[in-house]
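K.L.:
Everything below, folded, please.
(2 chains)
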Amino acid sequence: MTGNWNKILLVDLSTGQVRVKESGEAAYRRFLGGYGLGARVIYSDQRPGTDPLGPDSLLGFTTGVLVGTPIVGATRFTVCAKSPLTGGWGDANAGGYFGTALKMARFDAVFLRGRARTPTVLYIQDGQAQLLDATDLWGRDTFETEMMLKAKLGKEVQVATIGPAGEKLSRIAAIIHDRGRAAARSGLGAVMGSKHLKGVAVRGSSAVPLADSAKVNELGAEFVRAINADKSVAFFRKYGTVNHVASSAYSGDSPIKNWTGVGLEDFPTAGRISDDQVLAYEAHKYTCWHCPIACGGIYRVLGGPYAVDGVQKPEYETCGMFGNNLLNDNMESIIKANYICNAYGLDTISTAASVAFAIECYQNGLISREDTGGLTLEWGDHAAIIGLTEKIARREDIGDLLAEGTKRAAERLGGAAPQYAMHVGGQELVAHDPRYAPTFAVNYETDATPGRHTQFGLALIEMGVRLKGLDVPDLDKYEIAGKGELNARLLNLMQAVFSMGMCSFVFQKLDVRIWPEVINAVTGWNYTFEELLNTGARIGALRQSFNVREGLPVTEFRLPGRATGHPPAATGPLAGIAIDVDTQRRETYQARGWDARNGKPLREVLVQLDLADVAADLYERPGDLPPESHARQEAE
Amino acid sequence: MQDKKQSSAQTNNCPLRVTVHVFDELRECIGQARVEVELAPGGTVDTLLRQMAEDYGERFIDIHTSSQAGRGICVVILNRRSLSLPEDLVCTLNAGDELHLIPPIAGG
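P.N.:
Down below sits the predicted model:
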């Protein structure tokens, strides 16, 4: 096989058993890698109703068919498991060097189950794997852990690790690689913590086999040329995503004051935490493996209460959520908050959303100064924001409750608290307002990992990105009806491309029609664009089916009215806008071939997508646990 | 937006000066975040964007083009109120008006 090794590492942390599974080429062709492959394996091999923090849960680290090849931007690794935050499908991904190291260690993916008796690190080295005692690492932050593992195993080793937040089972815990590349969403750091798995260390030195290496190299070089010739890339290379922190505050793209404010009115100083004001702290650039864009950076604050050094750049989401959404214009505190989250292993989006929730609760008398351990919670008070972030990281005082995520915290606090919890399906919303790019509304509600922006779909076009190779007419983004088909097509495309391990930003710079040619050069297959879309549809249907089988009320997930304009804002750029999510939902469900009444992908759609086993689960034995023999045709 | 058009009528023949805040690639293009632009009396949002395209080149032509293409891709805010484009390109401007021009972003 080329493009993949046909080797998936299976680790039972309870018994210490390590074995290798060969899934066969068909599974790779159908799911490509990433959360596609992850969903296939976990759907098949994990019983419904499994406690995500129990020993029977499965945790996957997957690469993708393009990862480790000369195709630039194919660096992403994906972590998959049932989410302790949402109770449904969970995935998160990150760039850096870990994914390529895992692939070059001659494994396409690793799945772990069980619970180690003592803290453990999985060490993978060029086709071999062993479990190492990590008692000395338990309790340490991700920076220390990575440093100590590199000191022990060699500086070439790439590490993905949890910090104290994951150890303490925070449902908003992240998995951190390279001092701040975060697979952050879905709370998967807690799954690692529940398994006493402190980290995964990887050393890989094998070139990924390619069907047509000359062609792959040619395509890789062509992509570098195309990216460097793109006039927008130099700007993006300089700023990364932080170029638009202020403009997003003013345009309405970014939430302000826990989604109640207007940027120009409530946060006119957003410019202090945007573009050049962020870059002022950049010590040097950071690039993921072989990436010609290099949008990252290593940051430092040289003095004062927020002094840090050698930390990853806070990206747009972090600045938007710890800045705009909290009315915090102190840049150094945002760099510090990013550092705290990365060191303790927390999702910056969910953490900052929890801080916003707490401030609003405090302002409305639902949380007292006694609850906060003496902190007075005010909008824009950066010292209090940092103090509360540390408490969430350590699970101290009210931070212990906030570490459970806003949905659970709101349920516990009661009263008006649920009104202040900006989540959908249990996951905190990101810093892109659906009233600005309306298709985000339906995609936040209906993705298997709700509240996520990275599936984009049509929302990417509504934000103004022009994808080469797509024939998309000029659209009035506020004309809602008639867009379901296009949104579904774009979701399918992106789920397939991201399952290959591609970075979203590189994807946005290249002609979307090129991907079948790339896949074929790497694998020797005869993929077409339609097959790519079909694969994306299969992956989307499987992720959705996972949630349906878990019994989640997927059709009842609703965004808070603040995010959809119900009621509409009275002032600001988004004044008067109310998104008709009912129409979006109806059209998107129909276009994806999902039943809007119960969320199930239609039986015939599942069969067409080669998911007959899933159709049997959902339609022939709904509510039953699948038999042991069920659905292993891909995996065994 | 009708009320805005009516209230913006010019009453003399003096050139009018407006303040324009620019963001992202537009800021990079002109090298500063805020510029004062002088327009002939009766100048409109369309006049302003055309003049800036002439002064600053290709990227402003892009934003002008996308303003004409459809609502919401390019955000133009006049005195803290978002304009509805392309209809509001005909909005006349007053001396002292403040505009924010926000181009499309990469999703991040």
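
K.L.:
Compute the number of surrounding residues for A:Ser350.
P.N.:
Neighbourhood size, A:Ser350 [other CB atoms under 10 Å in any protein chain shown]: 32. C-beta: built from backbone N, CA, C; applies to glycine.

K.L.:
hang on, isn't it packed against A:Glu428?
P.N.:
Yes - judged on CB atoms under 8 Å, A:Ser350 makes contact with A:Glu428 at a distance of 4.2 Å.

K.L.:
which residues are common contacts for those two?
P.N.:
Taking CB atoms under 8 Å, 6 or more residues apart in numbering or on different chains as the contact rule, A:Ser350 and A:Glu428 both touch A:Ile172, A:Gly405, A:Thr406.

K.L.:
Quick check: the residue in chain B that chain A sits nearest to vs A:Gly576, distance?
P.N.:
Per CB to the nearest CB, B:Pro104 is where chain B lies closest to chain A, at 1.9 Å. From B:Pro104 across to A:Gly576, the span is 22 Å (CB to CB, to the nearest Å).

K.L.:
Comparing the two, which shows the higher neighbour count?
P.N.:
In terms of neighbours (other CB under 10 Å), B:Pro104 is the more surrounded of B:Pro104 and A:Gly576; the figures are 23 against 12.

K.L.:
For the nearest residue to the more buried one once chain neighbours are set aside, pull up the helix or strand it's in.
P.N.:
Nearest non-adjacent residue to B:Pro104, counting by CB to CB, 6 or more residues apart in numbering or on different chains: A:Gly464, 1.9 Å away. Under the criterion DSSP states H and E, no helix or strand holds A:Gly464.

K.L.:
ok, A:Gly464 touching B:Asp62?
P.N.:
No - at 10.2 Å, A:Gly464 does not count as touching B:Asp62 under the criterion of CB under 8 Å.

K.L.:
Now list whatever residues contact both of those two.
P.N.:
Going by CB under 8 Å, 6+ apart, residues that sit against A:Gly464 and also against B:Asp62 are B:Pro103.

K.L.:
Pull the number of nearby residues for the closest residue in space to A:Lys483 that isn't next to it in sequence.
P.N.:
Distance criterion CB to CB, 6+ apart; nearest residue to A:Lys483, sequence neighbours excluded, is A:Leu458 at 5.9 Å. Applying other CB under 10 Å, we find 27 residues neighbouring A:Leu458.

K.L.:
Please list all residues in contact with A:Leu458.
P.N.:
A:Thr439, A:Lys483, A:Leu486, A:Asn487, A:Leu490.

K.L.:
Likewise for A:Lys257?
P.N.:
A:Asp266, A:Phe267, A:Asn325, A:Leu326, A:Leu327, A:Ala356, A:Trp379.

K.L.:
quick one: pLDDT of it?
P.N.:
Predicted confidence (pLDDT) for A:Lys257: 98.

K.L.:
B:Glu38 now?
P.N.:
As predicted, B:Glu38 sits at a pLDDT of 95.

K.L.:
That one: helix or strand, and which one exactly?
P.N.:
Using DSSP H and E, B:Glu38 falls in strand B:34-39.

K.L.:
Over to A:Gly310?
P.N.:
Applying DSSP H and E as the criterion places A:Gly310 in strand A:308-312.

K.L.:
List the contacts of that strand.
P.N.:
With CB under 8 Å, 6+ apart as the contact definition, strand A:308-312 has outside contacts at A:178-181, A:283, A:286, A:296-302, A:335-336, A:338-339, A:342.

K.L.:
go with 10 Å
P.N.:
The contact list for strand A:308-312, computed with CB atoms under 10 Å, 6 or more residues apart in numbering or on different chains, reads A:96, A:143, A:176, A:178-182, A:281, A:283-284, A:286, A:296-302, A:318, A:332, A:335-336, A:338-340, A:342-343.

K.L.:
and which of the shared contacts of A:Ser350 and A:Glu428 is nearest to A:Ser247?
P.N.:
Nearest to A:Ser247 among these, counting by CB to CB, is A:Thr406 at 26.8 Å.

K.L.:
What distance do you get for the closest one to A:Thr161?
P.N.:
Applying CB to CB to A:Thr406 and A:Thr161 gives a distance of 25 Å.

K.L.:
Ok, A:Glu485 next?
P.N.:
Per CB to CB, A:Glu485 is found 42 Å from A:Thr161.

K.L.:
Who has more neighbours out of the two?
P.N.:
Under the neighbour definition other CB under 10 Å, A:Glu485 and A:Thr161 were set side by side, and A:Thr161 has more, 29 against 14.

K.L.:
Test my guess that that one contacts A:Arg181.
P.N.:
No - assessed by CB atoms under 10 Å, A:Thr161 is found out of contact with A:Arg181, at 11.2 Å.

K.L.:
shared neighbours of those two, anything?
P.N.:
Common neighbours of A:Thr161 and A:Arg181 (CB under 10 Å, 6+ apart) are A:Phe98, A:Ile175.

K.L.:
among the shared contacts of A:Ser350 and A:Glu428, which are in helices?
P.N.:
The helices, defined by DSSP state H, take in A:Thr406 from the shared contacts of A:Ser350 and A:Glu428.

K.L.:
Could I get the shared contacts of A:Ser350 and A:Glu428 in a markdown table, plus columns for distance to A:Asp309 and neighbour count?
P.N.:
Formatted as a markdown table, these follow (distance: CB to CB, whole Å; neighbours: other CB atoms under 10 Å in any protein chain shown):
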| residue | distance to A:Asp309 | neighbour count |
| --- | --- | --- |
| A:Ile172 | 26 | 32 |
| A:Gly405 | 31 | 27 |
| A:Thr406 | 32 | 29 |
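
K.L.:
what's the closest of the shared contacts of A:Ser350 and A:Glu428 to A:Tyr362?
P.N.:
Nearest to A:Tyr362 among the shared contacts of A:Ser350 and A:Glu428 is A:Thr406, at 13.8 Å by CB to CB.

K.L.:
How much space separates the closest residue to the closest one other than its chain neighbours from chain B?
P.N.:
Leaving aside its sequence neighbours, A:Thr406 sits nearest to A:Ala421 (CB to CB, 6+ apart; 3.8 Å). In this view, A:Ala421 and chain B are 24 Å apart by CB to the nearest CB, to the nearest Å.

K.L.:
what residues are up against the residue most central in space within chain A?
P.N.:
In chain A, the residue lying closest to the centroid (CA atoms, centre = their mean) is A:Ala92, at 3.4 Å. By CB under 10 Å, 6+ apart, the contact set of A:Ala92 is A:35, A:77-81, A:83, A:174-175, A:182-189, A:347, A:449, A:452, A:454.

K.L.:
where does the stretch 501-636 of chain A dip in pLDDT?
P.N.:
Regions of the stretch 501-636 of chain A meeting the criterion pLDDT under 70 cover residues A:622-636.
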